[in-house]
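Student: can't give you the sequence, but here's the structure:
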C-alpha cells in the first residue's frame, strides 16, 4: 500500500545494499528548518543552511546545505541544490545533490540530476540525464527548466 | 526605597478589586529591597514622558505592572531607552509573561528578585517596536523577504511574524528571540471540518509554513488588519525587520526555542 508519508526507509528488499546513511528531516537542530506548506507559494532565490520541507509550490531556485524533502503534493519549478534530497512530488528543474538522492514512487522529475548515490522507487518518473557517483559542489550553478530541450510534458 | 527601580501601574489597577493585591505587592517588594518610584498610566498622561522622567532621575530598572496591554503602552519606545525591563502581570492577557516564563501575581516578585537578565532581539513594524509577534488573519498578503524571494498565501490564511513567540490562550509557541532572526508562520485557511479531520490523520503533513529571515515587506492589494503585540494596525504595506540584541528583560529562566 502506497503511503503519503515521507519517512526514511528502515529496510531494503532482499539483495539490495544497505544505504550508507538515511536522511532525517531537521536532525540538525542547530540550524532552523524551513517548511513550505501546502497553500503557500515561494517565488525567487531561496537559500537555507538548514533542512527544507516543501509541500507547497516553489518557483525559482532553491539551495540548502541540509536535507531537502519534497512531499507528494509539492510542485517545484526550480533548480534544486542540496546536500541530501527526498523527492516525492513534481519537479521541473535540475537537481544537484551532494550526497544522497531518494526518489519516491510518486515523484515526477523533469530535468537533469547529479548526485553521489541514488535510490529510485518503482513508479517514479524521470525525464532527463542522471549522473551518479560524481562529486557535486554545493552551492552550484543550477539551470531553470526553460534552458532544457526536453519536450515531453510531465504526466 | 531603591532609586534604581521604578514601577509603571496601568490605570485599570485603580479599580478597588486590585487594592489588596497592590498592597501585598508593595509590601513584598519592600521586603525584597526592590521598592521604588511609582508612576501611573492614565488617559491624559503621556507614557513616554513619564518613563523618560524616570530615566532622568537615575532609574535603571522599569517594572511594568498590569497586563500585556500595559506592556504594549510602553513597548513602542522602551527599547531605545537605557533601561532593563521587568514585568509583574496581575491580570489577563498575560501571554507575553508566559513566553518570558514570568508567573502571574505576587510570584512575579521572585523573578524580579532573581534578576535573570536576557538581552533580546526586538522587531520593528514600520517605525514601531514589538516584542512577541505581529499577526494578520484572513489575508492574501505577500511577504517579500530580503528582496530575494516572496511568500504568498495562495488561498488566503493567517500571516504571523514572530520574534519572541505566539501566546494566545493556552497556545504557546516560543521562538528564539536571541538569534537575530524573525520567523514568519503562514497558516493557509482550512478547507472544511471534514478535510481538517482527514488532514490531522495524515502523518508528516505540514500545515504551517515557517521561514526565518531578517527583514521584509508585507504587501496586499486588499487592506490588512493585524495586531503587533496588542496594538491594532491596518494598511496595505508594512516593512518588518529585526533589531538584534536590543532590549534587556528580566525573565523567569534562560529562554530556549521550542523545536
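Tutor: Yep, that arrived. Just so you know, these numbers come straight off a predicted model, no measurement behind them.
Student: which parts of chain A are helices?
Tutor: Counting by DSSP state H, one finds no helices in chain A.
Student: what are the buried residues along the host helix or strand of residue B:250?
Tutor: Under the criterion of DSSP states H and E, residue B:250 resides in strand B:231-251. Neighbour counts using 16 or more other C-beta atoms under 10 Å in any protein chain shown place B:231, B:233, B:238, B:240-243, B:246-251 of strand B:231-251 among the buried residues. Yep, even glycine has a C-beta here, placed from its N, CA and C like the rest.
Student: JSON lines for those residues, including pLDDT?
Tutor: Supplementary listing: these in JSON lines, determined by pLDDT from 0 to 100:
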{"residue": "B:231", "pLDDT": "89"}
{"residue": "B:233", "pLDDT": "93"}
{"residue": "B:238", "pLDDT": "96"}
{"residue": "B:240", "pLDDT": "96"}
{"residue": "B:241", "pLDDT": "96"}
{"residue": "B:242", "pLDDT": "96"}
{"residue": "B:243", "pLDDT": "96"}
{"residue": "B:246", "pLDDT": "94"}
{"residue": "B:247", "pLDDT": "94"}
{"residue": "B:248", "pLDDT": "95"}
{"residue": "B:249", "pLDDT": "95"}
{"residue": "B:250", "pLDDT": "96"}
{"residue": "B:251", "pLDDT": "93"}
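Student: closest one of those residues to chain A?
Tutor: Of all the buried residues of strand B:231-251, residue B:242 has the smallest distance to chain A: 13.4 Å, by C-beta to the nearest C-beta.
Student: that closest one and residue B:163 touch, don't they?
Tutor: Yes - under the criterion of C-beta atoms under 8 Å, residue B:242 makes contact with residue B:163 at 6.9 Å.
Student: now list whatever residues contact both of those two.
Tutor: Common neighbours of residue B:242 and residue B:163, using C-beta atoms under 8 Å, 6 or more residues apart in numbering or on different chains, are B:121-123, B:182.
Student: in strands only, show me those residues.
Tutor: Using DSSP state E, the subset of the shared contacts of residue B:242 and residue B:163 located in strands is B:121-123, B:182.
Student: could I get these as a markdown table with distance to residue B:135 and neighbour count?
Tutor: A markdown table is the format used below for these (distance: C-beta to C-beta, whole Å; neighbours: other C-beta atoms under 10 Å in any protein chain shown):
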| residue | distance to residue B:135 | neighbour count |
| --- | --- | --- |
| B:121 | 18 | 22 |
| B:122 | 17 | 22 |
| B:123 | 12 | 26 |
| B:182 | 13 | 25 |
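Student: pick the one among these closest to residue A:87.
Tutor: Among these, residue B:182 lies closest to residue A:87 (C-beta to C-beta), at 29.4 Å.
Student: separation between the closest one and residue B:163?
Tutor: Separation of residue B:182 from residue B:163 (C-beta to C-beta, to the nearest Å) stands at 6 Å.
Student: over to residue B:213?
Tutor: From residue B:213 to residue B:163 the distance is 12 Å (C-beta to C-beta).
Student: which one's more surrounded, the two?
Tutor: More neighbours surround residue B:163 than the other of residue B:213 and residue B:163, with 27 against 20 (other C-beta atoms under 10 Å in any protein chain shown).
Student: so what's the more buried one up against?
Tutor: For residue B:163, the contact set (C-beta under 8 Å, 6+ apart) comprises B:120-123, B:130-133, B:175, B:177, B:182-183, B:242.
Student: 6 Å instead?
Tutor: Counting by C-beta atoms under 6 Å, 6 or more residues apart in numbering or on different chains, residue B:163 touches B:121, B:123, B:177, B:182.
Student: cool, and residue B:217?
Tutor: B:144, B:239.
Student: host element of it?
Tutor: Going by DSSP H and E, residue B:217 is part of strand B:215-228.
Student: so what strands line up beside that strand?
Tutor: In the sheet, strand B:215-228 lines up against strand B:133-139 (antiparallel), strand B:142-145 (antiparallel), strand B:231-251 (antiparallel) (DSSP bridges).
Student: picking up where we left off before, overlap in contacts of residue B:182 and residue B:163?
Tutor: Counting by C-beta under 6 Å, 6+ apart, the common neighbours of residue B:182 and residue B:163 are residue B:123.
Student: in terms of contact, does residue B:162 touch residue B:133 like I think?
Tutor: Yes - Residue B:162 lies in contact with residue B:133 (C-beta atoms under 6 Å); the separation is 4.3 Å.
Student: which one of those two has more residues nearby?
Tutor: Set residue B:162 next to residue B:133 and count neighbours by other C-beta under 10 Å: residue B:133 wins out with 28 against 25.
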